[in-house]
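*Asks:* quick check, what structure comes out for this input:
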Amino acid sequence: MIVAAAVRIADAEGVAALSMRRLAAELGSGVMSLYRHVANKDALLTEITRAACEEHPYPEPAPPDWRDAMRLAARLDWEVYCTHPWALVTSSSARHFSDTSCLDWMVDALADLTDDPDLARSFSIAVWSYVQGVCIQHVAQQLLSAGESPEQSPLRATEEDFETGLETLLDGMELRAARAASEGGPEKLSPRAFPPLAVR
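*Replies:* Predicted coordinates for the structure are as follows:
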């Protein structure tokens with residue numbers, strides 16, 4: 001009941017509006033009584049983030065094809081963030097979410113692509129980062145208290161943009177894994193791989 005009420009507040013008013021006092025008012029209870037169930041606001045944010053993710057859990061077992069598994073993980077995370085935009089922030093904070101089970105799921109699902117766990121972890125983080133980045137553009141208006149409607153922004157990402165970018169990312173992962181395998185070991189980025197930033 002407490003977590004469900006906190007999720008409702010975060011969805012309707014934004015996570016910044018969520019406080020123990022606001023939650024107590026929503027539940028019609030005293031603030032101090034909440035502390036018997038939730039230690040503090042950080043603990044509350046952890047609970048609502050976990051609840052949001054559990055609405056769209058990664059299935060067990062994962063799809064046998066690594067591409068299908070990455071597509072599914074990306075789509076499930078997309079649904080979480082579109083439903084609960086505040087989770088874009090809380091799920092990226094070590095204070096509020098440190099469950100590595102989803103990372104383990106993705107690394108295991110990439111076993112047919114690469115036998116290098118470090119590369120598989122980097123790929124998993126890349127997929128997560130991609131989904132979060134596109135979702136920020138997609139739900140930006142919901143993260144703001146006021147402003148132009150998202151349809152008026154030429155930078156607003158659509159679901160078609162999401163799908164196209166995801167397939168491009170997966171293509172790149174496949175090429176990179178193949179190159180690493182042909183070189184006989186994990187691929188390492190040279191410090192010279194990126195050009196120096198221009199000084200303005």
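*Asks:* what about the protein, any weak spots by pLDDT?
*Replies:* 141-153, 185-200 (pLDDT under 70).
*Asks:* for it, which helix extends over the most residues?
*Replies:* The longest helix of the chain (DSSP state H) is helix 117-143.
*Asks:* list the buried residues of the following helix or strand past it.
*Replies:* Where DSSP states H and E defines the elements, the next helix or strand beyond helix 117-143 is helix 159-182. Within helix 159-182, the residues scored as buried using 16 or more other Cβ atoms under 10 Å are Phe162, Gly165, Leu166, Leu169, Leu170, Met173, Arg176, Ala177, Ala180, Ala181. All C-beta spots, glycine's among them, are computed from the backbone N, C-alpha and C.
*Asks:* what about the residue nearest to the third one when sequence neighbours are not counted, distance to Leu169?
*Replies:* Computed as Cβ to Cβ, 6 or more residues apart in numbering, the closest residue to Leu166 that is not its neighbour in sequence is Ala74, at 5.4 Å. Summarising the geometry, the distance separating Ala74 from Leu169, computed by Cβ to Cβ, to the nearest Å, is 9 Å.
*Asks:* could you do Phe123 as well?
*Replies:* Phe123 is 9 Å from Leu169, by Cβ to Cβ.
*Asks:* what do you get for Ala109?
*Replies:* Distance, Ala109 to Leu169, using Cβ to Cβ: 15 Å.
*Asks:* what does Met106 give?
*Replies:* Taking Cβ to Cβ, one finds Met106 at 13 Å from Leu169.
*Asks:* mutual contacts of these two, please.
*Replies:* Jointly contacting Met106 and Leu169 under the rule Cβ atoms under 8 Å, 6 or more residues apart in numbering are Val127.
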